[in-house]
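**Student:** sequence unknown, structure follows:
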């Protein structure tokens, strides 16, 4: 009886199928949640406030002294009453570090030059620690990291151009003035002796010299956007004063003599003219973008005008021919079937709108649709007199336990480095709700690791743009 019972269970395909399905579901669930840790394993959860997430993504490592002790499970912005915004990280850590001392610090550091980040925790020496679910305050987020792009932005293109100009200007100003520089250096001892009491007076608190430099900084910040215009103003003033020298007497002299009367008239009339001037300023401000556009398109407008004159001369004959077309369109619009067709066409476009909206970034950002048709055409590009055929090559798969070339109970996962399955069934293609990245075809190959989901990090949007 027992032998028959065991034989009947082994021969039951329903039980075998149910057991196989259960194993596959468990394997997929474990693989899908690999970045967040294994289920049913206790973790030490800790929140950390940081000035900003600094390109950190969910699933990045948390390390202490270079050793991985957990991962980032959530990232959320926090808006404060003063209008500033910080970020809070939810960390899942190993229980071996619990409790983390309260004077520990957290720092977001780069893991590679490609922008991958990780969270560095430096353990403190305090006797008390954070409880499970506790929050590290913003004061513990030290030191504040400096991103490499911030360093490069110091020497942006305008700064480099202006640095070259300053160097050229200093070189030109010092050229041929060696004797004057020597005399200046020789006179410096006497100058410095007399300068000492002046400096002492400036350093005293009633002088408020610090406020002088603060106001200078504000003044420089105000005039900085128009620095080039001011430089051009002085150059133009030199040209103007040179031209005015020949008419200084009696014309300019007479103008100065009549200046008081003119100023008095201005005092009386300017308050009346102020609204007009304000409206004029607003008008020319709104016209400025158009004027800038006309400067680059003036030639095109002239060419269009030249070409338009002959076309307008021929327009009466063309308009006469449009009468028949207009009558035909009128008959078509009066056809009772036309509105039905237009409604069906509108419904078709309405149904296609979500699909097009989802596929648009896939093509516009990642160029995947074009690459699909190009590769499909290339797949069938060779053949003989009887037709084209697909090109193929036999790629033997590695052997061993759970290999990819034979039936297996789980995805290929070693033990050899080359015998690991790398599959990404749902790659990010910049579709709505996904990160802006072209992941398909750009996934990094992790040697000796089984990968069955989206790889960590953003793979960028660099794809083949060949049409």
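**Tutor:** Right, received. Where do you want to start? Everything numeric in this text was worked out from a predicted model, so none of it was measured.
**Student:** what about residue 335, distance to residue 325?
**Tutor:** When distance is defined by Cβ to Cβ, to the nearest Å, residue 335 is 16 Å away from residue 325. In this view, the C-beta of every residue, glycine as well, is placed from N, C-alpha and C.
**Student:** actually, residue 218.
**Tutor:** Taking Cβ to Cβ, one finds residue 218 at 67 Å from residue 325.
**Student:** name the helix or strand for residue 132, please.
**Tutor:** Here residue 132, judged by DSSP states H and E, is contained in no helix and no strand.
**Student:** residues in contact with it?
**Tutor:** 44-46, 98-99 (Cβ atoms under 8 Å, 6 or more residues apart in numbering).
**Student:** let's go with 6 Å and repeat that
**Tutor:** 44-45 (Cβ atoms under 6 Å, 6 or more residues apart in numbering).
**Student:** now do it, the pLDDT please.
**Tutor:** Residue 132 carries a pLDDT value of 88.
**Student:** and it, its phi and psi?
**Tutor:** The phi/psi pair for residue 132 (degrees, to the nearest 10) reads phi -60, psi 120.
**Student:** again with residue 88
**Tutor:** Here is the backbone geometry of residue 88 (degrees, to the nearest 10): phi -120, psi 130.
**Student:** residue boundaries of the helices in the stretch 351-467 of the chain?
**Tutor:** For the stretch 351-467 of the chain, the helices defined by DSSP state H, counting those that start in this stretch occupy 368-379.
**Student:** flag the shaky bits of it, pLDDT-wise.
**Tutor:** Applying pLDDT under 70 to the stretch 351-467 of the chain flags residues 378-395, 465-467.
**Student:** that one: strands as residue ranges?
**Tutor:** 382-384, 387-389 (DSSP state E, counting those that start in this stretch).
**Student:** report the buried residues of stretch 411-421.
**Tutor:** 411-414, 419-421 (16 or more other Cβ atoms under 10 Å).
**Student:** just the closest of these to residue 199, please.
**Tutor:** Nearest to residue 199 out of the buried residues of stretch 411-421 is residue 420 (Cβ to Cβ; 72.5 Å).
**Student:** if the closest one is in a bridge, with which residues?
**Tutor:** Per DSSP bridges, the residues bridged to residue 420 are residue 413.
**Student:** residue 398 and residue 420, how far apart?
**Tutor:** 9 Å.
**Student:** hey, what's in contact with both of those two?
**Tutor:** Joint contacts of residue 398 and residue 420 (Cβ under 6 Å, 6+ apart) do not exist.
**Student:** hey, where'd the helices end up in this protein?
**Tutor:** Ranges of helices in the chain, per DSSP state H, are 2-10, 13-32, 148-154, 157-174, 178-203, 209-223, 227-244, 253-257, 259-334, 337-364, 368-379.
**Student:** out of those helices, which is closest to residue 453?
**Tutor:** Here helix 13-32 is closest among those (Cβ to Cβ), at 5.8 Å.
**Student:** what mean pLDDT does that closest one get?
**Tutor:** In this model, helix 13-32 has a mean pLDDT of 67.
**Student:** just to revisit the earlier point, from the buried residues of stretch 411-421, pick the one nearest residue 356.
**Tutor:** Distance to residue 356 across these (Cβ to Cβ) is lowest for residue 421, with 34.2 Å.
**Student:** now what about stretch 321-337, what contacts it?
**Tutor:** The contact list for stretch 321-337 (Cβ under 6 Å, 6+ apart) is empty.
**Student:** could you shift the numbering so residue one becomes 129, and keep it that way?
**Tutor:** Renumbered: residue one is now 129, and that last one reads stretch 449-465.
**Student:** once you drop chain neighbours, what's closest to residue 335?
**Tutor:** Sequence neighbours aside, residue 329 is the residue nearest to residue 335 in space, at 6.5 Å (criterion: Cβ to Cβ, 6 or more residues apart in numbering).
**Student:** relative to residue 429, how far out is that neighbour?
**Tutor:** When residue 329 is compared with residue 429 (using Cβ to Cβ), they lie 65 Å apart.
**Student:** residue 411 now?
**Tutor:** For residue 411, the distance to residue 429 - Cβ to Cβ - is 22 Å.
**Student:** go on, residue 484?
**Tutor:** Distance from residue 484 to residue 429, by Cβ to Cβ: 36 Å.
**Student:** residue 579 too?
**Tutor:** Distance from residue 579 to residue 429, by Cβ to Cβ: 58 Å.
**Student:** count of neighbours near residue 502?
**Tutor:** 14 (other Cβ atoms under 10 Å).
**Student:** please parse the chain into its domains.
**Tutor:** 130-160, 171-280, 375-418 (automatic domain parsing).
**Student:** quick one: which of the ones you listed is nearest residue 434?
**Tutor:** domain 375-418 (21.9 Å).
**Student:** circling back to that earlier point, deepest-packed of the domains of the chain, please.
**Tutor:** domain 171-280 (a mean of 15; mean count of other Cβ atoms under 10 Å).
**Student:** start to end distance for it?
**Tutor:** 40 Å (Cα to Cα, to the nearest Å).
**Student:** can you check stretch 326-346 too?
**Tutor:** End-to-end span of stretch 326-346 (Cα to Cα): 25 Å.
**Student:** distance between it and the chain's centre?
**Tutor:** Mean-position distance between stretch 326-346 and its chain equals 42 Å (Cα atoms, centre = their mean, to the nearest Å).
**Student:** do stretch 228-244 as well
**Tutor:** Counting by Cα atoms, centre = their mean, stretch 228-244 comes out at 22 Å from the chain centroid.
**Student:** let me see the mean pLDDT of that stretch.
**Tutor:** 82.
**Student:** before we move on, what about stretch 360-377?
**Tutor:** Across stretch 360-377, pLDDT averages out at 83.
**Student:** with stretch 215-224 instead?
**Tutor:** The predicted model gives stretch 215-224 an average pLDDT of 88.
**Student:** please apply the same query to stretch 314-321.
**Tutor:** Mean pLDDT, stretch 314-321: 86.
**Student:** again, but for stretch 430-441
**Tutor:** 86.
**Student:** what's that stretch in contact with?
**Tutor:** Residues from elsewhere that reach stretch 430-441 (Cβ under 6 Å, 6+ apart): none.
**Student:** ditto for stretch 559-568
**Tutor:** 486, 489-490, 494, 555-556, 558, 586-587, 589, 591.
**Student:** the biggest strand by length in the chain pairs with which strands, and in what direction?
**Tutor:** Criterion DSSP state E: the longest strand present in the chain is strand 195-207. Within its sheet, strand 195-207 is paired with strand 189-192 (antiparallel), strand 213-221 (antiparallel), according to DSSP bridges.
**Student:** around residue 579, how many other residues sit close by?
**Tutor:** 19.
**Student:** my read: it touches residue 550, true?
**Tutor:** Yes. Using Cβ atoms under 6 Å, residue 579 makes contact with residue 550 at a distance of 4.9 Å.
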